[in-house]
Structures are given as C-alpha cells and as structure tokens.
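Participant: With the input below, show me the fold.
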Amino acid sequence: MSYLKNKKVYLIVIVMILSAGALSAYKVYKSAQIVETITYKEEAAQIGDIKIEYTIDGIVELPFRYMDFENQGEIKEIYFKEGDTFNKGEAVAKQNDLDAAQTLEKARLAYEKAEINYKDTLSKIEASLQDLETKKLNYKQQIEMQKKNSYDLEQQIHKQENNIELMELTPDDYALIDIENAKRDLESLKLNLETQKNALVLAQRDLDLLRAEEDSSAALSSISLREAKITLENAEAKLEQTNMYAREDGRILTITKDVGQAVAAISSGAGSADQSFITYIATNEPYVIKLAIPEFDLVSVNVGQKAEVTVEGFSEKTLMGKVTHLSEIPKTDNNQVVTYAATVELDEKPEGLKNGMNAVVSIISKDVSNVVIVPNNTVYFENGKQYVQVKEGEGNIQKVTIITGFSDGTSAEVKEGLKGNETLISKVQVSTK
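Facilitator: Numbers count the residues shown, from 1 in each chain. This is a model prediction of the structure:
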C-alpha cells in the first residue's frame with residue numbers, strides 16, 4: 001500500500017516538472033517571435049523665428065497725473081470734459097477772480113501814478129537843466145579861479161620865504177623891523193592860502209551837492225516806479241494763478257468738481273485720484289509693465305532686452321516692448337523672498353488698457369528671426385556631421401547634410417542645407433509585438 005502511494009506522488013511530481021518545462025518552452029518560442037519595429041512621421045522645415053525667453057507676471061501701470069489750482073477758490077470755468085485731450089500750455093480751468101482782479105486794478109493804477117510822477121520829475125529836471133548847468137559852470141569857474149589864486153599864493157609864499165632866508169643870512173644889510181615885517185607878511189600869505197583852499201573845498205562840495213540833488217530826484221522817482229512795477233507784476237501773477245494750465249500733453253480721465261464748487265489748493269502734481277480736481281493720463285509718457293524679478297532669475301533680465309506682453313482680459317494681441325529699468329536695490333517681503341523691481345516700456349499705447357491689469361511678460365534672452373527651422377528630433381549625427389532625412393516628391397528619402405545654429409531646445413536654426421520648404425522624416429518611437 002505504501003509503495004502504490006509513493007508511486008502516485010512520484011507521478012504528480014513528474015507531471016508538474018513537465019508542465020513547467022512546457023511553459024518555459026512556450027515563452028522562449030514567443031520571445032523568438034518578437035519583431036522590433038520603428039515608427040516614423042513626417043515633419044516640416046519652415047521659415048520662422050526661434051527665441052529663448054523668461055516669463056513672469058506683471059502689472060500694467062499707466063502714467064497718471066493730477067491737476068489742481070494753486071489757491072483755494074470757486075471754479076468759474078472748465079474748458080474740457082472727461083475723455084478730452086489737451087496740449088501743453090492750454091488753459092484747462094479757471095477760478096473766480098474777483099479779488100485778484102481788484103488787486104490787479106489797484107496795482108495798475110498805482111503803477112500808472114508812479115510812472116506819471118517819474119515822467120514829471122524828469123520834466124522838471126529837464127526844465128531846470130539850464131539853470132543847473134549855469135550853476136555848475138559858475139562853481140567850476142570859481143574852483144578854477146580859486147585853484148589859480150592858491151597857486152599864486154603858494155608862489156608868493158615861496159618867494160617870501162626866500163627873502164626872509166636872505167635877510168637872516170645878512171642881518172647887517174636889513175633893519176630888524178624889516179625882517180619882522182617880512183615874516184608877518186609870510187604868515188598872512190599862508191593864512192590867505194589856507195582860506196583859499198577852504199573856499200575851494202566848499203565850492204567843490206556845493207557842486208557835488210548840486211549834482212546829488214539832481215540825481216537823487218530822478219533816483220527816488222525811479223525807485224518808486226520800480227516798486228510800483230513789482231507790485232503790479234505780483235498782482236498779475238496772482239490773477240494768473242486763477243487759471244490752471246496744462247503742464248504737458250494729456251487726456252482727462254476724471255473731473256471731480258463742477259463750475260461753482262469750491263476747490264482746495266494742492267501742490268502741483270502731488271495729489272491723488274480721490275482728492276485732486278482733475279486726473280489725467282500723460283499722453284507723452286509711455287505705458288509700462290511693473291515687474292518684481294526674483295533674485296535667482298536676475299541672470300535672465302537685462303536693460304534693453306525685448307519683451308512680449310499679453311494682458312489678461314484685454315486682447316489676444318501680443319504687445320511689444322523692452323526692459324528700460326532694473327533696480328539695484330532689493331525688496332524683501334514677509335516671507336524673506338528677495339526681488340528687484342523692473343520696468344518694461346510698451347512700444348504702443350493701446351486704447352482700452354487699464355491701470356492695474358495683470359500681464360504676462362516674456363523677456364527675450366536671445367532670438368533669431370526669419371530663418372529656416374527644423375524640429376530637433378529630425379537632426380542626427382554621423383561622423384561628426386549633422387544630417388536630416390528629406391522626403392522627395394516621388395517618395396524617395398534623401399540624406400542631406402546640414403549646419404545648424406541657434407536652438408531653443410525644441411527647434412533648431414538651419415544655416416546651410418535646407419531652404420525651408422522640405423518634408424523631413426523623423427523617428428518617433430520603437431515598438432514590439
């Protein structure tokens with residue numbers, strides 16, 4: 001019984017071994033039937049552009065400006081409405097000018113009065129000019145005469161001094177009384193000379209005073225006239241401040257007040273949309289996109305690079321621009337992320353673009369335009385040379401040597417070998433069955 005039982009077990013084991021062998025043989029057989037197949041597809045060589053770009057989000061910023069009067073007052077006139085454009089120097093609005101006009105009129109009358117007084121003074125000076133000239137001539141003649149008298153006296157003194165010196169050297173030839181009389185005559189001559197000199201000084205002083213009197217009358221009248229002119233110019237400037245002139249070309253966005261309403265004075269250009277009288281867009285300033293470049297992306301951005309901009313919710317059209325500013329000063333947010341402010345200036349000012357719109361900006365690091373382009377997967381290398389498989393019209397495949405240039409990782413520029421209208425063959429996958 002035990003023998004039969006053991007024999008049964010052996011048979012089961014043998015069957016299992018044979019089954020496993022048969023399965024292995026089947027797998028080997030199937031494996032021998034696998035055929036490697038390669039799938040190809042057609043690609044096109046074409047004329048186009050290749051670029052490497054860095055993409056980042058940005059915000060549209062329009063050149064807002066604000067206009068306000070220089071003084072508080074009531075609005076008298078507004079010459080434009082919202083949406084209108086204006087040119088630099090044009091009057092935009094005007095305040096009530098009653099007080100300023102009255103001040104100007106008073107200043108004008110005061111100036112006219114000062115001008116009349118000045119002309120009257122000149123007329124009087126002109127009328128008395130002959131008399132003044134006569135007086136001047138008399139004084140001048142006196143001065144000349146006194147100068148001559150002084151000279152004569154000096155000569156007499158000199159002669160008398162010589163006589164006295166001779167008398168003293170030869171006292172025996174002269175009586176003592178003669179010598180004393182000669183000395184007294186000398187002292188008298190000296191006294192006359194001193195008197196003559198004093199008279200000369202007085203005559204010169206009187207002449208100078210006469211000139212000063214003549215000059216001072218005209219000078220005082222001229223000063224009064226200049227003072228009146230300054231007052232008039234200040235009054236004109238104050239009246240002019242009631243007019244608000246455009247500092248540049250622009251287009252009005254909002255006007256917050258109407259004629260008859262009071263406005264407060266705000267420093268020119270320092271207002272905001274919610275407090276200024278007029279908000280406008282400066283039409284001579286570019287539209288820009290503001291960016292915040294992470295520090296690890298700075299290598300991709302440089303001033304002068306071209307940029308392509310698409311604005312969400314605005315248009316499918318791509319706007320062109322360039323990087324015009326990259327800050328040297330970093331900004332760090334609450335998460336310690338460091339960024340650098342950058343500005344892209346748009347080449348155009350599309351109508352309908354709004355301040356604060358979100359934009360996607362592609363900054364072009366390098367690009368080529370209007371060149372022959374092929375997909376990278378159509379290019380292969382053999383013996384250090386580059387080739388593509390070109391399908392001809394009859395269906396023949398020709399191996400063509402090419403030279404490539406710039407590539408963005410997906411497509412390559414072909415500098416030599418293709419014209420841009422060829423059909424290429426590329427190997428896209430390897431499959432089994």
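Participant: Could you check how far the closest residue to Ile78 other than its chain neighbours is from Asn284?
Facilitator: Spatial nearest neighbour of Ile78, excluding adjacent residues (Cβ to Cβ, 6 or more residues apart in numbering): Ala93 at 4.7 Å. Placement of C-beta: from N, CA and C, glycine included. As judged by Cβ to Cβ, to the nearest Å, Ala93 and Asn284 stand 21 Å apart.
Participant: again with Ile252
Facilitator: Taking Cβ to Cβ, one finds Ile252 at 15 Å from Asn284.
Participant: Strands along the stretch 51-200 of the chain, start to end?
Facilitator: Applying DSSP state E, counting those that start in this stretch to the stretch 51-200 of the chain gives strands spanning 64-67, 73-78, 85-86, 91-95.
Participant: Switch those strands over to a markdown table; also include mean pLDDT.
Facilitator: Compiled in a markdown table, these are given as follows (pLDDT from 0 to 100):
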| stretch | mean pLDDT |
| --- | --- |
| strand 64-67 | 89 |
| strand 73-78 | 84 |
| strand 85-86 | 94 |
| strand 91-95 | 86 |
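Participant: And those strands: which comes nearest Glu382?
Facilitator: strand 64-67 (62.1 Å; Cβ to Cβ).
Participant: Run the chain-centre distance for that closest one.
Facilitator: Strand 64-67 has its C-alpha centroid displaced from the chain centroid by 16 Å (Cα atoms, centre = their mean, to the nearest Å).
Participant: Against which helices or strands is that strand packed?
Facilitator: strand 278-282 (3 or more Cβ pairs under 8 Å, 6 or more residues apart in numbering; DSSP states H and E).
Participant: buried ones in the strand it packs on?
Facilitator: Residues of strand 278-282 classed as buried by neighbour count (16 or more other Cβ atoms under 10 Å): Ile278, Thr279, Tyr280, Ile281, Ala282.
Participant: Sheet partners, orientation included, of the following helix or strand past it?
Facilitator: Tracing the chain past strand 278-282, the next element assigned as helix or strand by DSSP states H and E is strand 288-294. Paired with strand 288-294 in the same sheet, following DSSP bridges, are strand 46-61 (antiparallel), strand 338-346 (antiparallel).
Participant: just checking, next helix/strand downstream of the last one?
Facilitator: The one in question is strand 338-346. Taking DSSP H and E, what comes next after strand 338-346 is strand 358-375.
Participant: Neighbour count for Ala93 and Asn284, which is higher?
Facilitator: Ala93 (23 against 11; other Cβ atoms under 10 Å).
Participant: For that one, give me its contacts.
Facilitator: Met67, Phe69, Ile75, Glu77, Ile78, Tyr79, Phe80, Asn243, Met244, Phe277, Ile278 (Cβ atoms under 8 Å, 6 or more residues apart in numbering).
Participant: before we move on, what about Thr332?
Facilitator: Contacts of Thr332 (Cβ under 8 Å, 6+ apart): Val338.
Participant: and it, how far is that from Val371?
Facilitator: Distance, Thr332 to Val371, by Cβ to Cβ: 43 Å.
Participant: Kindly report the same for Glu77.
Facilitator: To Val371, Glu77 is 61 Å away according to Cβ to Cβ.
Participant: Have a look at these two and say which one is more surrounded.
Facilitator: Val371 (18 against 12).
Participant: Who does that one form a beta bridge with?
Facilitator: Beta-bridge partners of Val371, as defined by DSSP bridges: Gly48.
Participant: Now do the same for the most centrally placed residue in the chain: its pLDDT.
Facilitator: Centroid check for the chain by Cα atoms, centre = their mean gives Glu285 as the closest residue, at 10.4 Å. On the pLDDT scale, Glu285 is placed at 92.
Participant: still on that earlier bit, drop anything exposed from the contacts of Ala93.
Facilitator: Buried members of the contacts of Ala93, counted by 16+ other Cβ under 10 Å: Met67, Phe69, Ile75, Ile78, Phe80, Asn243, Met244, Phe277, Ile278.
Participant: what two of the residues you listed have the greatest distance between them?
Facilitator: Phe69 and Phe80 (14.9 Å).
Participant: on that earlier part again, list the beta-bridge partners for the residue nearest to Ile78.
Facilitator: Ile78, Met244.
Participant: ok, so what distance separates it from Ile75?
Facilitator: Per Cβ to Cβ, Ala93 is found 6 Å from Ile75.
Participant: same check, this time on Ile157
Facilitator: Going from Ile157 to Ile75 by Cβ to Cβ gives 89 Å.
Participant: Out of the strands paired with strand 288-294, which one sits most buried?
Facilitator: Most buried of the strands paired with strand 288-294, by mean neighbour count (mean count of other Cβ atoms under 10 Å): strand 338-346, with a mean of 19.
Participant: between that strand and strand 358-375, how many degrees?
Facilitator: Relative orientation of strand 338-346 and strand 358-375, computed by axes from the mean of the first three to the mean of the last three Cα atoms, to 10 degrees: 80 degrees.
Participant: Show me where the stretch 51-200 of the chain has its helices.
Facilitator: Secondary structure of the stretch 51-200 of the chain (DSSP state H, counting those that start in this stretch): helices at 98-127, 129-169, 176-240.
Participant: Where does the prediction get shaky in the stretch 1-150 of the chain?
Facilitator: Within the stretch 1-150 of the chain, the segments meeting pLDDT under 70 span 1-38, 97-104, 107, 118, 121-139, 142-143, 146.
Participant: Identify the residue spatially nearest to Ala412, adjacent ones excluded.
Facilitator: Thr404 (4.5 Å).
Participant: pretty sure that neighbour is touching Glu413, no?
Facilitator: Yes - contact criterion Cβ atoms under 8 Å: Thr404 and Glu413 qualify, at 6.2 Å.
Participant: Look at Asn421 and give its secondary structure.
Facilitator: coil (DSSP: H, G, I helix; E, B strand; the rest coil).
Participant: For it, which residues are in contact?
Facilitator: Here Asn421 is in contact with Ala45, Gln46 (Cβ under 8 Å, 6+ apart).
Participant: for it, phi and psi?
Facilitator: phi -120, psi 20 (degrees, to the nearest 10).
Participant: Bridged to Tyr54, which residues?
Facilitator: Under the criterion used (DSSP bridges), Tyr54 bridges to Ile363.
Participant: and Lys317, how many neighbours does it have?
Facilitator: With other Cβ under 10 Å as criterion, Lys317 counts 11.
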